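**Student:** prediction below, plus the sequence it came from.
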Amino acid sequence: MRLAYYPGCTMKTDAKNFDESTYSAAEALGIELLEPTRWNCCGTVHALAKDNVMNYLAPIRNLIRVEQMNEAELVDDKRVVTQCAMCYNTLKRANADAKADPDKMGKIRDFMEKEPNYQGSVNVVHMLELIKGLGWEEVKSKVVKPLDGLKVSPYYGCLLLRPREYGIDDPDHPTVMEDLFEALGAEVVDNPYKAKCCGAYHAVHLKEVAADLSYRILRQAQEAGADIIVTACPLCQFNLGDRQNEIKKHQREFEGIPVVYYTQLMALAFGKEGTGFEQNIPDPVPVLEEKGLL
Amino acid sequence: MSNGTSELYFTFRPENAALKAKIEELSGENIDLCFQCGACSSSCPLTSEMDLLPSTVIRYAQLGMEEVLESKTPWICITCFNCEIRCPRGIDIANVMEAIREMVLRTKYDKFTLDELTPEELRELPQIALISNQRKLTA
């Protein structure tokens, strides 16, 4: 299966480990991911003000690239696979809104007169939806190193699940990550804060507020006995992982807990190189070694 | 109502119609659907940082009160959409918050600029944080 893959900016810098492990996990599942030759910013946040058409240009331009890849027969269909939760949400919503509103689509086409018209034929999917579509038995059949004894706490965050009509799973009771980790042989630990906000971009100017929100999520996972927390978004990963030093300044008794991307655990269970664990903060290697997985 | 605050809370002044209409136009939401159940406020993870509860912002918006433009709440709202999936009246509250932010930003106001960060802070932050922050908080 050859599919278009839109990585997004942070996957090529602070979240290289997410990008690298995405390729490793996809390869094990027989999926070839191809990036458009010229992709640009997804827009990062969806324009919620009704008169804001400008913010649609970046996401729609990326979708035009996907239509071009399909026309050139570089990929099998008109799906584009995303990983970063913010890219997923922004591309998905811009696509849906532009398709539903001919006036908006017309303005977008007029503004980008040098581009081919966007036909509205692309389907934006998240990697987790794609994996679920393969079936958990198929995933299980690729496991060479089951994650035995590893207690995993999935963290979904906001934009994979909300708003409801654009989410990849039931926003109240998501199960896709739970099902995945069970297929990989891990023990899933539930966290009632798994879909609560990590603080997102408040990390920039309201550091303490973001740290406080993230701490609640981390503490709940620890109290449930988790060894490791799993994310699907570079900004969640930053707030929950990299910012643990900031959290420790306010929560003296907090000892830290490793946070990894879900594809890193997939690559590990599939016995692939390119897990990218060396980039994670805090270091997940000690707990994985302790469980005999590394 | 004998008390001034309560009177404010229940009386629509015709001169406030323009502000209310602008919020409805920008958000695309029919804010009169709100009957003040408070589900948005109880599901919001950030109310402890707000000066007005999300449901109070909606009430003030129904009344077209200028106080919504001065409130901290729309800037604290991080569009996590928890309120949206809970609202029994189907109001996309995050859209209303965005409309209020936009009305302020369009007066050439920046809530926060990256000049306020140290070079170390700038280096530490991933692009996804910086760009989403600036998209929401600058004109």
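**Tutor:** Thanks, I have it.

**Student:** wait, doesn't residue A:64 sit right on residue A:116?
**Tutor:** Yes: using Cβ atoms under 8 Å, residue A:64 is in contact with residue A:116, at 6.1 Å. Where C-beta positions appear, they are placed from N, C-alpha and C, glycine not excepted.

**Student:** neighbour count for those two, which is higher?
**Tutor:** Neighbours per residue (other Cβ atoms under 10 Å in any protein chain shown) separate residue A:64 from residue A:116, with residue A:64 holding more: 19 against 12.

**Student:** buried set for the helix or strand where that one lies?
**Tutor:** Residue A:64 belongs to helix A:57-71 when assigned by DSSP states H and E. By neighbour count on 16 or more other Cβ atoms under 10 Å in any protein chain shown, the buried set for helix A:57-71 is A:57-70.

**Student:** and the helices in the chain?
**Tutor:** The chain I'm using is chain A. Using DSSP state H, the helices of chain A run over A:16-28, A:57-71, A:85-100, A:102-111, A:127-134, A:136-141, A:176-183, A:202-205, A:207-223, A:234-237, A:244-250, A:262-269, A:285-290.

**Student:** hmm, no, I was thinking of chain B.
**Tutor:** Under DSSP H, chain B gives helices at B:4-10, B:17-27, B:39-43, B:54-62, B:67-70, B:73-76, B:82-86, B:93-105, B:119-124, B:127-137.

**Student:** weakest of those helices by average pLDDT?
**Tutor:** Lowest mean pLDDT of those: helix B:4-10, a mean of 60.

**Student:** hmm, back to that, list of residues touching the helix holding residue A:64?
**Tutor:** A:4, A:6, A:34, A:36-43, A:75, A:77-78, A:80, A:90-91, A:94-95, A:98, A:108, A:111-112, A:115-116, A:118-119, A:121-122, A:124 (Cβ atoms under 8 Å, 6 or more residues apart in numbering or on different chains).

**Student:** what's the angle from it to helix A:85-100?
**Tutor:** 80 degrees (axes from the mean of the first three to the mean of the last three Cα atoms, to 10 degrees).

**Student:** how is the chain partitioned into domains?
**Tutor:** Defaulting to chain A. A:2-128, A:144-290 (automatic domain parsing).

**Student:** should've been chain B
**Tutor:** Using automatic domain parsing, the domain parsing of chain B gives B:4-107, B:112-139.

**Student:** still on that earlier bit, could you list which of the contacts of helix A:57-71 belong to strands?
**Tutor:** A:4, A:6, A:34, A:80, A:124 (DSSP state E).

**Student:** which one of these is nearest to chain B?
**Tutor:** residue A:6 (13.9 Å; Cβ to the nearest Cβ).

**Student:** the closest one against residue A:82, yeah?
**Tutor:** Yes: counting by Cβ under 8 Å, residue A:6 touches residue A:82, with 5.3 Å between them.

**Student:** what's the overlap in contacts for the two?
**Tutor:** Joint contacts of residue A:6 and residue A:82 (Cβ under 8 Å, 6+ apart) are residue A:91.

**Student:** now the helices of chain A as CSV including mean pLDDT and distance to residue B:60?
**Tutor:** What follows is the helices of chain A, written out as CSV (pLDDT from 0 to 100; distance: least, Cβ to Cβ, whole Å):
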stretch, mean pLDDT, distance to residue B:60
helix A:16-28, 98, 41
helix A:57-71, 98, 33
helix A:85-100, 98, 27
helix A:102-111, 96, 30
helix A:127-134, 98, 39
helix A:136-141, 98, 49
helix A:176-183, 98, 39
helix A:202-205, 98, 23
helix A:207-223, 97, 23
helix A:234-237, 98, 31
helix A:244-250, 96, 33
helix A:262-269, 98, 41
helix A:285-290, 98, 49
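
**Student:** show me the one of these that comes nearest residue B:38.
**Tutor:** Residue B:38 lies closest, by Cβ to Cβ, to one member of the helices of chain A: helix A:207-223, at 20.9 Å.

**Student:** so which bits of that closest one are buried?
**Tutor:** A:207, A:209-222.

**Student:** what helices or strands is it leaning on?
**Tutor:** Secondary-structure packing of helix A:207-223 (3 or more Cβ pairs under 8 Å, 6 or more residues apart in numbering or on different chains; DSSP states H and E): helix A:202-205, strand A:228-231, helix A:244-250.

**Student:** any chance you could list what contacts that helix?
**Tutor:** Taking Cβ under 8 Å, 6+ apart as the rule, helix A:207-223 contacts A:153, A:155, A:189, A:191-194, A:196-200, A:202-203, A:229, A:239-240, A:243-244, A:246-247, A:249-251, A:254, A:257, B:45-46, B:49, B:76.

**Student:** for ChimeraX, what selects the buried ones among these?
**Tutor:** In ChimeraX, a selection of the buried entries from those looks like this (16+ other Cβ under 10 Å):
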select /A:153,155,189,191,193,194,196,197,198,199,200,202,203,229,239,240,243,244,246,247,257 /B:45,46,49,76
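
**Student:** before we move on, back to that, make a PyMOL selection of the buried ones in the contacts of helix A:57-71.
**Tutor:** Applying 16+ other Cβ under 10 Å to those, the buried members can be selected in PyMOL as follows:
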select buried, chain A and resi 4+6+36+39+41+42+43+75+78+80+90+91+94+95+98+108+112+118+122+124
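
**Student:** hmm, back to that, turn the domains of chain A into TSV, including distance to residue B:128.
**Tutor:** Shown next, in TSV, are those (distance: least, Cβ to Cβ, whole Å):
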stretch	distance to residue B:128
domain A:2-128	4
domain A:144-290	5
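
**Student:** tell me which of the ones you listed lies nearest to residue B:87.
**Tutor:** It is, among these and with distance given as Cβ to Cβ, domain A:144-290, at 10.7 Å.

**Student:** pull up the distance across that closest one, start to finish.
**Tutor:** 18 Å (Cα to Cα, to the nearest Å).

**Student:** what residues does the stretch 101-250 of chain A put near chain B?
**Tutor:** Contact residues, the stretch 101-250 of chain A versus chain B (Cβ under 8 Å from any Cβ of the partner chain): A:158-159, A:162-164, A:171-172, A:196-197, A:199-206, A:209, A:213, A:234-235, A:238, A:242.

**Student:** now stretch A:36-50: average pLDDT?
**Tutor:** pLDDT averaged over stretch A:36-50 gives 96.
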